[in-house]
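Engineer: Coordinates only, no sequence provided:
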């Protein structure tokens, strides 16, 4: 794949091989980026991609270990993009997101309480409490979505200057304290200049 830019030809060469059989390729996506800066990783906990109103592409659930995925049939009037958050990964799980180990990253976690509803039913404060860690460091402890946002109201938490481990991974661990941990979407943004 070659293109001409400022009288220079830039080429991307791909070599696809296999040990047994014929190699196969279904698609290639080439995205414009900033030199020496990783393109943001945006993961939504659903099986299909989503493009939000800002034109950002959210990729289907990936890089997870453990937990279960569940989609809810709900509609929210709080935000034009809120309906895409009505899926979740829940349980005791981890995301091992590959990044450049030389950089620092901002991680934005998106949450919505979708199971424990109003206090009159099975819900309320204290029904779901969990912790979130990044490479062993606590980001959120005793986190209760309902206590901070209520039922079916999106809330996000941002963490800055996170350093990947030596293998180039941001390991985000979601650990239950009371009932299951949950998350609806994860963003990883390179902070390098």
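Structural biologist: That came in fine, so what should we check first? Bear in mind that the values here come from a model prediction, so they are computed numbers and not experimental data.
Engineer: drop to CA atoms for contacts and neighbour counts, all remaining ones
Structural biologist: Will do.
Engineer: isn't residue 168 right up against residue 104?
Structural biologist: No. Using C-alpha atoms under 8 Å, residue 168 makes no contact with residue 104, being 10.7 Å away.
Engineer: Wait, a strand at residue 187?
Structural biologist: Yes. Remark: residue 187 belongs to a strand, assigned using DSSP: H, G, I helix; E, B strand; the rest coil.
Engineer: And for it, the neighbour number?
Structural biologist: 17 (other C-alpha atoms under 10 Å).
Engineer: Grab the nearest non-local neighbour of it.
Structural biologist: residue 42 (4.5 Å; C-alpha to C-alpha, 6 or more residues apart in numbering).
Engineer: again with residue 109
Structural biologist: residue 186 is the one closest to residue 109 (C-alpha to C-alpha, 6+ apart), at 4.8 Å.
Engineer: Beta-bridge partners for the one you found, please?
Structural biologist: residue 43, residue 109 (DSSP bridges).
Engineer: check contacts around it.
Structural biologist: Contact analysis of residue 186 by C-alpha atoms under 8 Å, 6 or more residues apart in numbering lists 41, 42, 43, 44, 107, 108, 109, 110.
Engineer: how about JSON lines for those residues, with pLDDT and distance to residue 117 added?
Structural biologist: Listed next are these as JSON lines, based on pLDDT from 0 to 100; distance: C-alpha to C-alpha, whole Å:
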{"residue": "41", "pLDDT": "95", "distance to residue 117": "31"}
{"residue": "42", "pLDDT": "96", "distance to residue 117": "27"}
{"residue": "43", "pLDDT": "96", "distance to residue 117": "25"}
{"residue": "44", "pLDDT": "94", "distance to residue 117": "22"}
{"residue": "107", "pLDDT": "98", "distance to residue 117": "27"}
{"residue": "108", "pLDDT": "98", "distance to residue 117": "24"}
{"residue": "109", "pLDDT": "97", "distance to residue 117": "21"}
{"residue": "110", "pLDDT": "95", "distance to residue 117": "18"}
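Engineer: Just the buried residues from those, in ChimeraX please.
Structural biologist: Typed into ChimeraX, the line below selects the buried ones among these, using 16 or more other C-alpha atoms under 10 Å:
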select :41,42,43,44,107,108,109,110
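Engineer: show me where this structure has helices.
Structural biologist: In the chain, the helices defined using DSSP state H lie at 145-149.
Engineer: Tell me where it has strands.
Structural biologist: For the chain, strands defined by DSSP state E occupy the ranges 2-5, 8-11, 41-44, 50-51, 57-60, 64-71, 87-98, 105-111, 129-134, 137-143, 155-162, 169-178, 181-183, 185-190.
Engineer: rewinding a little: tell me the one of the contacts of residue 186 nearest residue 145?
Structural biologist: Nearest to residue 145 out of the contacts of residue 186 is residue 110 (C-alpha to C-alpha; 10.4 Å).
Engineer: The closest one reaches residue 154, doesn't it?
Structural biologist: Yes. Counting by C-alpha under 8 Å, residue 110 touches residue 154, with 7.0 Å between them.
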